[in-house]
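*Asks:* Dropping the sequence and predicted coords here.
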Amino acid sequence: MPSLTDLLQATPADQIAAVRAGLPACAAATLAEGHGLTPADLAPALGLSPATLTRRLHTGGQLDPTASERLLRLARIAHQAAAAFGNPTRAGAWLIRPHRLLGAAPLTLLDTAHGGHEVERQLLAIEHGLPV
């Protein structure tokens, strides 16, 4: 299974196939650690309880397709945030801090496609120097 970074560079068909097959739970832990977060921080955005994600991490389990799709969305947005803020740690801090225009911390909105779209819009504004 390719890393999330590799998967973000893959073709849409390969991304869809990976999501359908289920991404490894350890990919969530790797993403979290790379952004100064914990897997428990990511669990709600994946639609999982922290205990369920922890159990899957300890057993080397796979995520179901729904959680896998959310993880891929989270990886894409985390990558975009790292580009906007200059490094992954600052991106992670932005993701967990409440945002005035979003009405919540960006990470808490990533369990839905619409929430992800709104977070991406804010990141685009930040990247292009627009008011946020």
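*Replies:* Great, that's in hand.

*Asks:* Same question for the longest helix anywhere in the chain: list its buried residues.
*Replies:* Using DSSP state H to define each element, the chain has its longest helix at helix 65-85. Neighbour counts using 16 or more other C-beta atoms under 10 Å place 67-82, 84-85 of helix 65-85 among the buried residues. C-beta: built from backbone N, CA, C; applies to glycine.

*Asks:* Then stretch 116-130?
*Replies:* Here stretch 116-130 shows 116, 118-120, 122-123, 126 as buried, counting by 16+ other C-beta under 10 Å.

*Asks:* quick one: average pLDDT of that stretch?
*Replies:* If you average the pLDDT over stretch 116-130, you get 91.

*Asks:* got a list of contacts for that stretch?
*Replies:* Contacts with stretch 116-130, where a contact means C-beta atoms under 8 Å, 6 or more residues apart in numbering, come from 73, 77, 80-81, 83-85, 99, 101-102, 106, 109-110, 131-132.

*Asks:* Please repeat the previous calculation with a cut-off of 6 Å.
*Replies:* 73, 77, 80-81, 84, 106, 109-110, 132 (C-beta atoms under 6 Å, 6 or more residues apart in numbering).

*Asks:* Identify the farthest-apart pair in these.
*Replies:* Across the contacts of stretch 116-130, the longest distance by C-beta to C-beta is 20.3 Å; it joins Arg73 and Val132.
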